[in-house]
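1. Kindly return the folded structure for what I paste below:
(one chain, ligands or ions: 1)
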Amino acid sequence: MKPHIHYIMTHANWFVGNGNQISFWSDRWLEHTILDHWNIPATLLPDVELEVKHFIVNGRWCLPSYIHQKDPELVARIQKITLPADDTPDTLHWTSSPDGTLTNKTAFSSLYGNSQKVPWSKLLWNAYIPPTRSFITWRFIYDKLPTDDNLRKRGCTVVSICCFCRKDAETSNHIFFACEVTSILWHWLSKGPFRLNKLHYPHNELYGSGKHSCSTTAELCYHTYNLGYMD
Ligand SMILES: [Zn+2]
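-> Residues are numbered from 1 along each chain as shown. Model prediction:
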C-alpha cells in the first residue's frame, strides 16, 4: 500500500466533519487541494500544517481576510460546505467507487485496470477444483511455474534437464507439450480412461461425490493439457 499512497490520496476526497484530520492546504477536501488550486509549492506556505479545524469557530467557517481578498470564489465554495452540528469525524471517500468505500477489488481495478475476461476462467476457477490446483494451472498459463527456465530468469543457477525424458531442458512448454514421456501420460488422461470432451468434460466423472477419481498430479495435468490446447 505504501508505494501507492500518493495515488490513493489523489483519488480520494475528504468529507469535512470536525476538520481534525484534514490539512487545510494540502489535502483534497475540495475538487483540488488549495495549494494546487493556487498553484503554489507547499514550501512557500509557512502555515501549511494547519488543519481544517483551525478555520472553524463555533461550528462556522472562519477564513482569514487574505483568503477573502485573494480568492472570493474559493471562499464561497468553502462556505457552501455544511459543517456538522456535532463532533463528527472527517471521512475519506474513494472517488472511483459509487459508495466511496475502498475495497480490495476497487483498489486493484483502479491501479491495474479491469481484468481481461478469458473464456476459460470458469473452467479453471470453479467449485469442483481445489483452489490450490487452479492456482498452479493459472501459473502455468502465464508461464509462472518454478520450472528451471523460470528459476534462471530470477537469477538461480541451475543445470536444467527434464526429469522424465532426460533429453531436454525443463520448461513448462516442454513438460506439458513437447516431452515424449509426459505427452503419453497427458494423452492417456485426456483420451483414454475418462473419454472426456476437451471443453465440456463431465465433472462428476472426475470429482463426483467428493471422491477424486485421479491423483492430484493427474488433475493438474489433465486441466493443463486441455487448457493448453483450447482455442
Ligand atoms: Zn522431457
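2. Show the average pLDDT along the helix or strand hosting residue 36.
-> Using DSSP states H and E, residue 36 falls within helix 34-38. For helix 34-38, mean pLDDT rounds to 88.
3. what's the answer for stretch 76-91, then?
-> For stretch 76-91, the mean pLDDT works out to 90.
4. Now do the strands in the protein.
-> Ranges of strands within the chain are 12-15, 56-57, 60-61, 91-94, based on DSSP state E.
5. Adding mean neighbour count and distance to the ion, write the ones you listed out as TSV.
-> Using the backbone N, CA and C atoms, a C-beta is placed for each residue, glycine as well. As requested, these are exported to TSV (neighbours: other CB atoms under 10 Å; distance: least, CB to the ion, whole Å):
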stretch	mean neighbour count	distance to the ion
strand 12-15	17	52
strand 56-57	12	73
strand 60-61	12	75
strand 91-94	16	50
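6. Reformat these as TSV; add distance to residue 159.
-> TSV is the format used below for the strands of the chain (distance: least, CB to CB, whole Å):
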stretch	distance to residue 159
strand 12-15	51
strand 56-57	70
strand 60-61	73
strand 91-94	50
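7. Let me know which of those is the nearest to residue 39.
-> Closest approach to residue 39 among the strands of the chain is made by strand 12-15 (19.7 Å; CB to CB).
8. one step back: would you mind pulling the contact partners of the helix holding residue 36?
-> Contacts with helix 34-38, where a contact means CB atoms under 8 Å, 6 or more residues apart in numbering, come from 24, 25, 26, 30, 31, 41, 42, 45, 48, 70, 71, 74.
9. Neighbour-wise, which one of those residues leads?
-> Compared across the contacts of helix 34-38, residue 24 has the highest neighbour count, 23 neighbours, by other CB atoms under 10 Å.
10. OK, contacts around that one?
-> 34, 50, 51, 52, 54, 55.
11. quick one: which of these has the most company?
-> Most neighbours among the contacts of residue 24, by other CB under 10 Å: residue 52, with 24 neighbours.
12. contacting residues for that residue?
-> Contacts of residue 52 (CB under 8 Å, 6+ apart): 16, 19, 22, 23, 24, 27, 29, 90.
13. Find the residue ranges of the protein scoring beneath the pLDDT cut-off.
-> 1-5, 9, 45-48, 100, 114-116, 190-231 (pLDDT under 70).
14. who's in contact with the residue nearest to the spatial centre of it?
-> What sits nearest the mean C-alpha location of the chain, by CA atoms, centre = their mean, is residue 108, with 2.8 Å. If you count contacts by CB under 8 Å, 6+ apart, residue 108 has none.
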